[in-house]
Every structure is written in structure tokens, then in C-alpha cells.
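Chemist: okay, predicted coordinates and the sequence, questions at the end:
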Amino acid sequence: MTLVLEQLLNGLQFGVMLFLLAAGLTLIFGIMGVINLAHGSLYMVGAYASAFVAAQTGSVWLALLGGLAAAAIIGMVMELVVLRRLYARDHLDQVLATFALILIFNQSVTLLFGRQPLFVSVPPALNGSVQLLPGLTYPVYRLAIIAVGLLVALGLYLLINRTRIGMLVRAGATHREMVRALGVDIRLLYTAVFGLGALLAGLAGLMAGPILAVQVGMGEQILIMTFVVVVIGGVGSIRGAFFGALIVGLVDTSLRAFMPGLLRQVMAGPEADALGAGLASMGIYLLMAIVLLVRPKGLFPAHV
């Protein structure tokens, strides 16, 4: 029972990380209609910038600000210089341009930091573990990630549904020309939305730093799973991104933790481990296929 609860917490922690990426991605695609393959590169930028500032200053708060600022600023520059020219273009042009950005980002980071991974220490205040239940201790840092992810989800909900900015964002997603006709600078709105999405990706990257190695190409590894979250939740839906991310995080973590053990009951250990790892890797894609068969527009379509 303790192992099950621990893996559920791991799945929740992974899910909120995916949500931070998926929320920005679904906002950008749902409102701006842009397929941004370089979204994962902003995740990498946040991780590298935070790791660099932490190494230079030793300050957790400066590392946090540095990672967020770098991701947001580079994201807005990317929107102004490249993506603004692609809004009226075909999706294939957007895919090719943003794929080129991935190569540029990866090579730039390699030139600046080299190919060796950077390892980031957990902030001292969040080091150690806490006992949640008898026999169940869990790292404080992972609990902090869960708390931050849930607070961001609440903040995004309030921003989108309870503020004038959110009203403009929702209107811009469905009635773009009407919003422009009412005197709203739609280009400034797009830049702000892209900056917000980039900031969320950077936040996910800097929080992942102490858990995973900060390395070139880390954004592409998680980007595919983020697209799965967006498809399952529904394109353009923050609520869909939240629940889709939690579902994907829990399913992926549970399959990787328990599938090999279940298969060992019916076959030899090495074969069970190999087959279990393969089935666990396929699990979220099978889940996506099932969701699309039942609800082709995702679980929570079209509502930002």
C-alpha cells in the first residue's frame, strides 16, 4: 500500500510538471493557431538559465528569477522575430520553422555550456523528506513541485475566467477579428500570451533541474508527452491540459512502476522486465488512441 501511495505521488508530481508545459502549449495553439515545436526548448532554457545563475550566485531566488526571465524574454523575442511572420502561413511552415529553432537552441546551448549535463542541487530549505503516513516518507522538494503546480493551475483558472485579460484571451481564441475591431492590439495580446506560455515552460524546466540532469535536448524528450496531454485534454483548454496532464502522469508512472512486476507473475524475470518496459512506454499512446476514439476533440474541448 505504501508503494502504491508513493507512486501516486510520483505520478501527481510528474503530472503537474506536464501541466506547466501543456498549459502554455495549449494556450499558444488554441489562441494563436501556431504549432510550436520549440516549446520544449524554452523548458531547456529555463533549466539552463536557472542552473547557471545558481552556480554563479548560490542564490535560490536569483536562480528562480533568472530561469523565469530567460524563458519569458527569449519566448517573446522568438514570437516577435519568427512566429509573428507565420500566423497566416500553413501549419507545415510553422512546423519547419519551429523545428529549425530547436536545432538553433540546441546548438547554441552546446556552444555556451558544452555537451556535459549540469547537475543542480535541491535548495537547502527543501532538502530532506517528510513522513506523510507511517512507513511513507516523501521528498519535500517533490511535494513543493506538486504545490507550485496546483497553485499555478488555480492562478491560471482565475486569470482566464475572472479577469479582463482572460476575457480578451478567450475572445481572441474564437473571435479574433472582432477583438481587433474593438481596438485591442491583438499583436500585443499574442506576444503576452506567448510570453506567459514560455514562462510556464521555463518554470517547469527550472523545477526539473534538481530531479533530472540539465542537458541539451531535454526539451524534446518531454515535448512529445506534452502533445499527448494536449490531445487528450482538448486543444485550447486549460482545464483539459490540467486533467490530461494528471491522467498521463499517473498512468505513465504507474505502468512503469507496476507493469514489470505484474508480468513477472506469468513469465521469467528478464522477459517480463523487457516486455513491461515496452508496454509502459506505449501506455500513454494507447490511452490517447482510446480517448480519441471516444471523444475525438479531447476530454474538455474548445473551452479555454
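Modeler: Okay, I see it. Numbers count the residues shown, from 1 in each chain.
Chemist: Ile290 sits in which helix or strand?
Modeler: If you go by DSSP states H and E, Ile290 is part of helix 269-294.
Chemist: list the helices and strands that helix packs on?
Modeler: helix 218-233, helix 238-263 (3 or more CB pairs under 8 Å, 6 or more residues apart in numbering; DSSP states H and E). To be clear about C-beta, it is placed using only N, CA and C from the backbone, and glycine gets the same treatment.
Chemist: could you export these as a markdown table, including mean neighbour count, mean pLDDT and distance to Arg84?
Modeler: Below are the helices and strands packed on helix 269-294 laid out as a markdown table (neighbours: other CB atoms under 10 Å; pLDDT from 0 to 100; distance: least, CB to CB, whole Å):
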| stretch | mean neighbour count | mean pLDDT | distance to Arg84 |
| --- | --- | --- | --- |
| helix 218-233 | 22 | 89 | 22 |
| helix 238-263 | 21 | 88 | 23 |
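Chemist: report the angle between the host helix or strand of Leu189 and helix 218-233.
Modeler: Using DSSP H and E, Leu189 falls within helix 186-208. Interaxial angle of helix 186-208 relative to helix 218-233 (axes from the mean of the first three to the mean of the last three CA atoms, to 10 degrees): 110 degrees.
Chemist: and the helix holding Ile290, what's buried?
Modeler: Residues of helix 269-294 classed as buried by neighbour count (16 or more other CB atoms under 10 Å): Ala272, Asp273, Gly276, Leu279, Ala280, Gly283, Ile284, Leu287, Met288, Val291.
Chemist: got a pLDDT number for Arg176?
Modeler: On pLDDT, Arg176 comes in at 67.
Chemist: let me fix that, I meant to ask about Ala213.
Modeler: Note on Ala213: pLDDT of 83.
Chemist: list phi and psi for the nearest residue to it once chain neighbours are set aside.
Modeler: Nearest in space to Ala213, with sequence neighbours left out and distances taken as CB to CB, 6 or more residues apart in numbering, is Pro117 at 3.7 Å. Main-chain torsions, Pro117, degrees, to the nearest 10: phi -60, psi 150.
Chemist: tell me how far Ala204 lies from Pro123.
Modeler: To Pro123, Ala204 is 16 Å away according to CB to CB, to the nearest Å.
Chemist: look at the two and report which has more neighbours.
Modeler: Neighbour tally, Ala204 and Pro123, criterion other CB atoms under 10 Å: the higher count belongs to Ala204, 32 against 17.
Chemist: can you pull the contacts of Leu64?
Modeler: Ser50, Leu206 (CB atoms under 8 Å, 6 or more residues apart in numbering).
Chemist: now the helix or strand encompassing it: average pLDDT?
Modeler: Assigned by DSSP H and E, Leu64 belongs to helix 60-81. Across helix 60-81, pLDDT averages out at 93.
Chemist: stretch 34-46 too?
Modeler: Averaging pLDDT along stretch 34-46 gives 91.
Chemist: same question for stretch 181-192.
Modeler: 78.
Chemist: that stretch: end-to-end distance?
Modeler: One end of stretch 181-192 sits 19 Å from the other (CA to CA, to the nearest Å).
Chemist: out of the helices and strands packed on helix 269-294, which comes closest to Thr98?
Modeler: helix 218-233 (10.5 Å; CB to CB).
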